[in-house]
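**Q** Let's see this in three dimensions:
(chains A and B)
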Amino acid sequence: MDYPIDTIRDDFPILSAKTDSGAPMVYLDNAATSQKPSVVVDAIRTYYEETNANVHRGMHHLAEKATAEFEGAREAIAAFVGAPDARSVIFTRGTTESINLVAQAWGRKFLKAGDEVVLSIMEHHSNIVPWQMLAQASGVRLKYIPMLDDGSLDLEAYRALLQGPVKLVSVTHVSNALGTVNPIAEIISLAHEAGARILIDSAQGIPHGPVDVTALDADFLAFSAHKMCGPTGFGVLYGKEALLEVMDPFLGGGEMIHTVGLESSTWADLPYKFEAGTPNIAGAIVTRTAIAYLQGIGFDAIEKQVHDVTDYAVKALSRVEGLTLHGNPPERGGALAFNMEGLHPHDISQIINEEGIAIRAGHVCCQPLMERLGRPAIARASFYFYNTVEEVDRLVASLDTVKKIFRI
Amino acid sequence: MNLDELYQEIILAHFKRPHHARNFAEDEAFEEAFNPTCGDKTRVLGQVAGDRVSGLEHDTQGCAISIASASILCERLSGTSVEECRAQVRTLVDGLHGRRVPGYPEQDPLAALLTVKRFPMRIRCATLSWEALEKWLDRQDPA
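**A** Below is the predicted model of the structure:
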C-alpha cells in the first residue's frame, strides 16, 4: 500500500497554515518540536471537559477516572519502551528534567570527586550542563567522546576513555544537529563492560522508532513527548528499578512522600518518589494518544518516509553551489545541518521564512559541537513523517532567493 | 514585511565589505557582546585621547545585520567625543526598541539600520556591537 501522505497531512491542520506573507508553510523544524495531530489536540480538550481532577487524592468519580487514565498512560508508555514494570517509568517535564533528575538524584549520591562521567561532543546542552552542575558540586570529571569528520562518534576514542574511572556514560541516541544515529546498543554494552552505568538521551530517537530498554539493557533513558506528536512539558525518565529504588528523591513536595513529620519525612514508593507536586496529568494521558497515533501509522512507515525525505534532501542540497552539508554519518535520522558560503544561517532562515519555510538557525543548543565544526552557527532542516520531497524542493528553490538577495 | 527593507543595499555593502574589521588577538583591549540565543559574537575596541574616540574597530562573527551594524558603528563614531558616542548608542538602541524615533537623515546608514526595528527577532543582531561599544566606553578613563 502506498504511504497515505495526504491523509496523514490532513491529520495536522497546522500544516495547511499560511505565514504572514501568505506563503503556504513548510515546517522543517521538527527536531525542535513536532506538530500535533487533531486526535492529540482533541484528547487534551476531552480530558479537561470530561475527566479533569487531581490524581491519587480524591475519592470522587472524576478523581478515580483521572487516576485510572493517568496510570493507564504509564502502563502504555512502559509497554511502548519495553520497560519490565510501569514503576520504572518516571513522569517529568521533559528530557531536560529527566537528565537533571539522574544527575542530582543518582549522581550526587553515588559519584564522588575523581569519578568520571563520559559525554560526547555532539550532546545537546541539556546533556552537558546538568553534568557540569554535578561536577562543580562534587568534583566529578567530565570527558567527551570526540567526533569523526563524517559526524559519527569516535568509538575507538570512546573505548580508550572507558579505561578511566568512568562511572557513567550519558550520550545522545540521535544528534539533534547532524541527525547522526549513534550505535547505542554497542555504546551501552561497552559502558557496561567497563562497569559504568549508562543514560541514553532519546529525545531525537524515540520519535522515529521505538526503543526497547530491556533489550538494550539501558540503565536510564530519557525522552520528551513534544517531539513525537505529544504535548510540551511532558517527558519520561525510564530507569532500572534497582537503581531508582536506591536513589534519593529529586524534588520535594506532595505526592512524593510516605509520611511527613516536622523534622523529616519518608519517601513514597516508585515511581511517585520522583514525582513531587501535581503532575502534568493531561500531558501523560495525551502522550498515550500520541503514541497510539504513531503506532497506527506504523513506525516502519514513519522511519521509511523520514529516511526517504531526508535522503532526498541530502542529495538535493549537495547539488546547491556553495552549500556545505555537515557530516555524512553511516546512519542519519531526520535532521541535517548546513552552511552556505558568504551567508549567515540567520539570514538564510529569515529570507526563506518569507517563502513559508521554517528551519532552525543558530547553535541549536550544541555550542561544543559548533566549536568542533568550526562554525558559530548552522542552518538545520529536520523532517518528520508528514514532510514530503516537494517540500524539500521548495526549500532548495528558496535558497536561490537567498542568493539573489545577497547577490551571490 | 518586506525583506528589501531589512537587506538594503547599504546593509549588504557593509556586510560584504565590513569597514574597520579585523581579527583581534585575545590580549587586545576589546570588549565583547555575545548573543547566547544564536551564538553571534562581536568585539569592539578603539583609542581615546582627551575626550575623543578614534580608530574604532570590530571583530564580528555573525549575520549580515550584526556585521553591517558593527561596520556602520565604527565608521560613524570614530572621531566623535565619548559623550557623543554614548548618546549615539542610546539613540540607536532606543530607536530599535521603538522607544523614541531618531531623526536620522534618509541617506544615513543608521537610517537603514533602524529599519531592523520592524523585525523583532533581529533587533539584538543590530544592537550587539553597540552593547560592546558601551562596555568599552565604560572601561575608558577620559581623564
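**Q** ok, residue A:132 to residue A:121 distance?
**A** Separation of residue A:132 from residue A:121 (C-beta to C-beta, to the nearest Å): 14 Å. Placement of C-beta: from N, CA and C, glycine included.
**Q** Neighbour count: these two, which is higher?
**A** residue A:121 (19 against 15; other C-beta atoms under 10 Å in any protein chain shown).
**Q** so the more buried one sits right up against residue A:143, yeah?
**A** No. Using C-beta atoms under 8 Å, residue A:121 makes no contact with residue A:143, being 10.5 Å away.
**Q** Does chain A have contacts with the top helix by length along chain B?
**A** Longest helix in chain B by number of residues (criterion: DSSP state H): helix B:123-139. Yes. Judged by C-beta under 8 Å from any C-beta of the partner chain, helix B:123-139 and chain A are in contact via residue B:125.
**Q** Can you list the neighbours in contact with that helix?
**A** Identification of contacts with helix B:123-139 by C-beta atoms under 8 Å, 6 or more residues apart in numbering or on different chains yields A:346, B:29-33, B:35, B:37-38, B:40, B:42-46, B:53, B:56, B:58, B:60, B:62-63, B:65-66, B:69-70, B:73, B:77, B:82, B:85-86, B:89, B:92-93, B:96-97, B:113, B:116-117.
**Q** Okay, and the residue of chain A most remote from its centre sits in which element?
**A** In chain A, the residue that sits farthest from the middle, by C-alpha atoms, centre = their mean, is residue A:262; the gap is 39.7 Å. Following DSSP states H and E, there is no helix or strand that holds residue A:262.
**Q** And it, how close does it get to residue A:180?
**A** From residue A:262 over to residue A:180 the distance is 52 Å, taken as C-beta to C-beta.
**Q** cool, residue B:128 as well?
**A** From residue B:128 to residue A:180 the distance is 31 Å (C-beta to C-beta).
**Q** same deal with residue A:113?
**A** 33 Å.
**Q** Give me the more crowded residue out of the two.
**A** The neighbour count for residue A:113 versus residue A:180, taken as other C-beta under 10 Å, is higher for residue A:180 (28 against 9).
**Q** For the more buried one, which non-adjacent residue is spatially closest?
**A** The shortest distance from residue A:180 to any non-neighbouring residue, by C-beta to C-beta, 6 or more residues apart in numbering or on different chains, is to residue A:329 (4.1 Å).
**Q** what's around the one you found, how many residues?
**A** Residues lying near residue A:329 (other C-beta under 10 Å) number 20.
**Q** pLDDT at it, what is it?
**A** The model reports residue A:329 with a pLDDT of 96.
**Q** how about it, secondary structure?
**A** Per DSSP: H, G, I helix; E, B strand; the rest coil, the secondary structure class of residue A:329 is coil.
**Q** Touching, it and residue A:183? I think so.
**A** No. If you go by C-beta under 8 Å, residue A:329 and residue A:183 don't touch, sitting 10.3 Å apart.
**Q** what residues are shared contacts of those two?
**A** Common neighbours of residue A:329 and residue A:183, using C-beta under 8 Å, 6+ apart, do not exist here.
**Q** What residues of the strand or helix carrying residue A:399 count as buried?
**A** Assigned by DSSP H and E, residue A:399 belongs to helix A:389-405. Across helix A:389-405, burial judged by 16 or more other C-beta atoms under 10 Å in any protein chain shown covers A:391, A:392, A:394, A:395, A:396, A:398, A:399, A:401, A:402, A:403, A:405.
**Q** How about stretch A:176-185?
**A** Result for stretch A:176-185 [16+ other C-beta under 10 Å]: buried residues A:176, A:177, A:178, A:179, A:180, A:181, A:182, A:184.
**Q** For these, work out which two are farthest apart.
**A** A:177 and A:184 (17.3 Å; C-beta to C-beta).
**Q** For the helix holding residue A:399, list the C-alpha coordinates in PDB.
**A** Only the C-alpha atoms of helix A:389-405 are listed here, as PDB (Å, rounded to 0.1, in the frame of the first residue of the first chain):
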ATOM      1  CA  VAL A 389      10.000  15.600  -1.200                       C
ATOM      2  CA  GLU A 390       8.000  18.500  -2.700                       C
ATOM      3  CA  GLU A 391       8.700  20.500   0.500                       C
ATOM      4  CA  VAL A 392      12.400  19.700   0.100                       C
ATOM      5  CA  ASP A 393      12.200  21.100  -3.400                       C
ATOM      6  CA  ARG A 394      10.700  24.300  -2.000                       C
ATOM      7  CA  LEU A 395      13.500  24.500   0.500                       C
ATOM      8  CA  VAL A 396      16.100  24.100  -2.200                       C
ATOM      9  CA  ALA A 397      14.300  26.700  -4.500                       C
ATOM     10  CA  SER A 398      14.100  29.200  -1.700                       C
ATOM     11  CA  LEU A 399      17.900  29.100  -1.300                       C
ATOM     12  CA  ASP A 400      18.100  30.700  -4.800                       C
ATOM     13  CA  THR A 401      16.100  33.600  -3.400                       C
ATOM     14  CA  VAL A 402      18.700  33.900  -0.600                       C
ATOM     15  CA  LYS A 403      21.500  34.000  -3.100                       C
ATOM     16  CA  LYS A 404      19.600  36.500  -5.200                       C
ATOM     17  CA  ILE A 405      19.100  38.900  -2.300                       C
END
